[in-house]
Each structure stands twice: as C-alpha cells, then as structure tokens.
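Sharing a model prediction with you, sequence too.
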Amino acid sequence: MNGEMASSSLTSGLVWATIPWMTDCQSPDGHTHEADTALLTAALDHSWKWYDAELNRARQVINYFVVASAVLVTAYTAAINGKHYHVASVIALAGLGLTALAFMFTFRDRKRAAAAELALTELQAKIADRLDIRPFCMVGTQPVRGQRLTALIIAYGLATLLYIIAFLYELAQ
C-alpha cells in the first residue's frame, strides 16, 4: 500500500508540508520531520483501525449474544409450556455455554482494543505536542473503560444466573 494513500484519511484537509518547522529540521537520527510526520500519521491510522475493529467485533458479539439469547429463551419457554423438561434443561445448558463463549470473546476483544488504546493515547499526545493543541488528546482522558467492563461483567453475570436458575428449575421438575 502506498504510504501516501495510507495516511490520506487522517491528513485530509491538512497539508503537513506547508508547516515550516516540520520540513526544515531533521530528527536526531537524520530523517526529516516530513518523514517522521508520515510515519506518525501511519501509526495513528493503524492504531485507530485496530482499536475500531476490535471494539466493533466486541459489539457484534454482544449483539449476536442478545439475539441468540432471545431465541434460546423463546425455545426454553416453548419447551416448558409443552412439558418437555429435558429439552428445556438442554436449552438452559446451551444458554450457559453461549454466555461463557460470548463473555470470553467480548473480553478478549476489549483487551485487544485496550492495547490499541494505549498506543492511541501516546500517539495523540505526540501529535498534540507537535501541533500545540492539547484538546486533541481524546483517548484516555475519561475513566470509562473500567465502567464498561463492570457493565459487561454484570450483564453476563446476570445472564449466567438466569440460565443456572432455569437449569435448576428443570432439575426440580
């Protein structure tokens, strides 16, 4: 992929070469700031795409989990109404398995996104320093990551509890 094309999405509207202090000087290792800026832009683009892809994958897992859980709850209700208690217990166990898998995939994707978030925080700080624009640092400024993880744990915990109760109810029948 052409380096110019890779950074075009981030640099649209900005002409880095027209900023004099970015093209006249060289870094300590001998390359120009223009090359450094292109590398920084490519790194930011890569980190952002990684972060976005991982969070989108986590959201898709959650969406599929919600839909699959709705199907399982409907099947469970139909099995109970039809007095097919063994089928209902198998559905409850399937729900437990689904919850465990969905939690594992969501947790993995969020962990991988967190790695990209660290890179984004550092890259944005470098760009903000270079451009002298402090509000540019958007990632990492708000303590929401822990709150989102807590919400995920609570949601998956409640789903697990629901399926365990459903399975225990079937054992009592």
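On my side now, so go ahead. Numbers count the residues shown, from 1 in each chain.

next helix or strand past the helix ranked longest in the chain?
Criterion DSSP state H: the longest helix present in the chain is helix 33-81. For helix 33-81, the following helix or strand on the C-terminal side (DSSP states H and E) is helix 85-131.

avg pLDDT for that following helix?
Helix 85-131 shows a mean pLDDT of 86.

Just the mean pLDDT for the longest helix of the chain, thanks.
For helix 33-81, the mean per-residue pLDDT is 87.

Packing partners of that helix?
Applying 3 or more Cβ pairs under 8 Å, 6 or more residues apart in numbering; DSSP states H and E, one finds that helix 33-81 makes contact with helix 3-11, helix 20-23, helix 85-131, helix 145-172. To be clear about C-beta, it is placed using only N, CA and C from the backbone, and glycine gets the same treatment.

Now do it against helix 85-131, angle only.
160 degrees (axes from the mean of the first three to the mean of the last three Cα atoms, to 10 degrees).

for the helices and strands packed on helix 33-81, which one ends up most surrounded?
helix 85-131 (a mean of 17; mean count of other Cβ atoms under 10 Å).

from the middle of its chain, how far away would that helix be?
Helix 85-131 sits 6 Å away from the centroid of its parent chain (Cα atoms, centre = their mean, to the nearest Å).

by contact count, what packs against it?
helix 33-81, helix 145-172.

Thought residue 152 was touching residue 107, still the case?
Yes: with contact defined as Cβ atoms under 8 Å, residue 107 counts as touching residue 152 (7.4 Å).

Taking helix 145-172 as reference, get the angle to the longest helix of the chain.
Per the same axes, to 10 degrees, the angle that helix 33-81 makes with helix 145-172 is 20 degrees.

what separates helix 33-81 from the chain centre, distance-wise?
For helix 33-81, the separation from the chain centroid amounts to 5 Å (computed by Cα atoms, centre = their mean).

check contacts around residue 64.
residue 102 (Cβ atoms under 8 Å, 6 or more residues apart in numbering).

Please report how far it lies from residue 133.
Distance from residue 64 to residue 133, counting by Cβ to Cβ, to the nearest Å: 39 Å.

before we move on, what about residue 83?
Between residue 83 and residue 133 the computed distance is 67 Å (Cβ to Cβ).

related to what we said a few turns ago, put together CSV for the helices and strands packed on helix 85-131, with distance to residue 94 on each row.
Compiled in CSV, the helices and strands packed on helix 85-131 are given as follows (distance: least, Cβ to Cβ, whole Å):
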stretch, distance to residue 94
helix 33-81, 6
helix 145-172, 9
